[in-house]
Every structure is written in C-alpha cells, then in structure tokens.
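[1] how would this look folded up:
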Amino acid sequence: MPTARTVRIVAASVLLAGFAAPALAAPALAASAKQDHAATLRALDTAVAAGVPGAVAQARDGRDHWTGTAGDRKGNDRYRVGSITKTFTATVLLQLQAEGRIDLDDPVEKWLPGVVRGNGHDGTRITVRQLLNHTSGIYNYTSDPDFRQKVFSTGFLEHRYDTWTPRQLVSLAMAHEPDFAPGTDWNYSNTNFVLAGMVIEEVTGRPYGKAVENRIIKPLKLRATSVPGTRSTMPKPSSPAYSTLSVDGNAPVHEVSALNPSIAGAAGEMVSDSRDLQTFYRALLKGRLLSKSALKEMTTTVPISPNRPDVGYGLGLMKQELSCGKEVWGHGGGIHGSASFAQVTRDGEHSLAGNFNADWTGDSGKVVETEFCGTDPEG
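    The predicted structure is shown next:
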C-alpha cells in the first residue's frame, strides 16, 4: 500500500506501485538459467550496506531454486506484502466474472449503491474494471492529510492498533475531489482496491479475505500466506520491521512490526513469504487460477505515464520491460517497515520474490535487474 514516503523506495523495485522510479541499471546480457545468483546476493548486500536492516530474496528458474539473505533476515521469514495483495483481490474478481456472478464492466454503483458519491465522485460512471486498473480517478485515501498524520508519521505510535473499516477508508477519499474523469487517465489509488474488496463481499456474501483463502490460498497450499484482518501481530518466523515514520531518512528509526492492517484492507493487508509469493505468481501466469481469456483480460495493460513507457498496468498486475529487454509481470508493495517485490516471466518459469524490512532506504530494483538480467549492483 504505497504512501508518499514509501513510494520512493517501493517504486525502485520496478513493479510495485507504478509511480516514477529511479533509473534502472545499465543494460547487460541476460543471465543463464543456471546462474549462481552471486550477483543477486551482492544486490541484497548492497541494500544492507545502504541501511536496510535485513533483506531476503528467493528465485526459481526451471528446476533451479535459490534463496539469499543479508543482514537481519532468514530465508523463510514471513512479511507484510502491502500492495501485492491487489493481485490476489483482482484474481478473485476475475474468477467471479468467469462464473457469471459479476461483469467487470458493471458500474460500481450496482454493487455498492451510494458508496462512491460526493465531491464529484460518481459510482454510476465508474466500472469495476476501472478500479482494478486504476483508471477510475478516485482519490487515494492514503493521501488524505489527517490519515497520513495518524498512520504514516509519528502519530502511528499512538494509532497503530486502531481499526479502520473499508467504509471509513472510502469516506476519506470521498471528502476530496476525483483526480480525473473516469477512464481519462491513470493514477494509483488504494481506494480502488478497498472498493474492490467491498464488491467481492457484496457478490459472495462473505469478507473478501475468505474468498482469497478459499480460492487461492488453500488450493495452492500457501502455508505462509494469510489475510490478517485486524490481527496486529506477525506470524513466525519473521524479522522485525523498521521505519523512520518520516520523509527524513535521518530521523530516528522505530520498530513497527505490530500494526492493525485494516489501514490497508484489500489494498494491502496480506502476509506471505518469498516461497508462497512465487508459487502464487507462477500459478497465475501459467493459467492455474484463471482461464486463458480471463488471464488475457488481466494482462491487458494501460500506460501509467509517458515518462515510463516500459511499464503498463493490467488488472492488479503490472508489466515491466527491464533494461535487458526481458519482460516480467508482478506487483509489489510498501507498508510500514516493509518493501516487497514479486515478479515472474510471462511463461511463469523464472520468478523472484523478496523483501526489505525497512521503508526509508534500499533499492530493490537492483535485485530485480540483477536476477533477470544479470546486472551487478556494483557495476
């Protein structure tokens, strides 16, 4: 669930929120299928040298499995995955459409009457599909100044256990004007996926998290993956998460592992590990969770910015062309003390997932480039 502060770090992992990202590493020849991952490990070490307390990454390429750690990290650590949650949410809605229970081109008003309304927002003019590809124009509630003060500054220390309902989060967005008319532009908004979770509940009669559990987590046997709801503690094994709770990278560092993830809901509350994330994205791109036609819908992208022609956003899924020309699909996410990344090639064969347990420093984009392109962070 990117914030103004975490976006700068999270976007560096290439596929997280789709905001402006730092320049990618220089082009290089693609690594072989049997690479030893030494350069990828150096990328993790570089992040720790930059101040990240701990970093972990796992990769699979055919039968090749690799795990690397640096600093205060274990290879099987669980962590908060932030906006990677969005791909799970979108997958459920595509499954429901395939079952004839919803049409993604339904207006949001059909499922959530009166919810998207106020200050120019109009749920009759916004489709569910526009929620999933961030073309709705709905204001991002995590940009609300009062919310930011309570949740992303040192106010977090007082409010970290507060519970936020989806309707409360949406109401924050409705207090502001839309970013643009529906379908006319692109802007990342966490409100879109809070609404998507609410739509799932209306369609199924149960919380979106139950649909994620029954349709994805259990069938794929994702034993480290959970939808915590309001549970503030982290399951074990896990390492502490750290944040400066400030745009100032030199501000004091706080341990922020415990928090009520209802601040993110269907936009970014989930917990997982690197193994499970790879299993999920590999299964998704290989067509195990969606039909061929549904996957085609999910991978139909819209541009995010003229300045980033290498990036496109589908339905809860991003496409990135790396410096070496390789195309990877995935998402990533930032939430307090946690920057996560998960990518896979279109054939589902080469995958990468990992996490930094800090949100003020580190460039996970170097890990991505190194793994898929063979670049060296020291080069």
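
[2] for residue 241, give its distance to residue 151.
    According to Cβ to Cβ, to the nearest Å, residue 241 stands 15 Å off from residue 151. Quick note: C-beta positions are derived from backbone N, CA and C, even for glycine.

[3] higher neighbour count, those two?
    Taking other Cβ atoms under 10 Å, residue 241 and residue 151 do not tie; residue 241 has more neighbours (26 against 23).

[4] what sits closest to that one if chain neighbours are left out?
    Of all residues not flanking residue 241 in the chain, residue 337 sits nearest, at 2.7 Å (Cβ to Cβ, 6 or more residues apart in numbering).

[5] now that neighbour: how far from residue 152?
    To residue 152, residue 337 is 12 Å away according to Cβ to Cβ.

[6] neighbour-wise, which of the two wins?
    residue 337 (27 against 21).

[7] so the more buried one touches residue 358, yeah?
    Yes: counting by Cβ atoms under 8 Å, residue 358 is a contact partner of residue 337 at 6.4 Å.

[8] residues that sit against both of the two, list them.
    241, 242, 243 (Cβ atoms under 8 Å, 6 or more residues apart in numbering).

[9] residues near the spatially closest residue to residue 231 that is not a sequence neighbour, how many?
    Counting by Cβ to Cβ, 6+ apart, the nearest residue to residue 231 once its immediate chain neighbours are dropped is residue 261, at 7.5 Å. Around residue 261 there are 24 other residues, counting by other Cβ under 10 Å.

[10] which ones are touching residue 261?
    Per Cβ under 8 Å, 6+ apart, neighbours of residue 261: 80, 228, 229, 230, 231, 232, 268, 269, 335.

[11] now the shared contacts of residue 337 and residue 358 in JSON lines, with distance to residue 59?
    Formatted as JSON lines, those follow (distance: Cβ to Cβ, whole Å):
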{"residue": "241", "distance to residue 59": "23"}
{"residue": "242", "distance to residue 59": "25"}
{"residue": "243", "distance to residue 59": "27"}
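
[12] and these, which is closest to residue 217?
    Residue 217 lies nearest to residue 241 out of those, by Cβ to Cβ, at 22.0 Å.

[13] which ones are touching that closest one?
    79, 80, 234, 255, 256, 257, 336, 337, 338, 357, 358.

[14] going by neighbour count, which of the residues you listed are buried?
    79, 80, 234, 256, 257, 336, 337, 338, 357, 358 (16 or more other Cβ atoms under 10 Å).

[15] quick one: contacts for the fifth one?
    The neighbourhood of residue 257, defined by Cβ under 8 Å, 6+ apart, consists of 233, 234, 238, 240, 241, 337.

[16] ranges for the helices of the stretch 51-200 of the chain?
    For the stretch 51-200 of the chain, the helices defined by DSSP state H, counting those that start in this stretch occupy 85-98, 108-111, 128-132, 145-151, 156-159, 166-174, 190-204.
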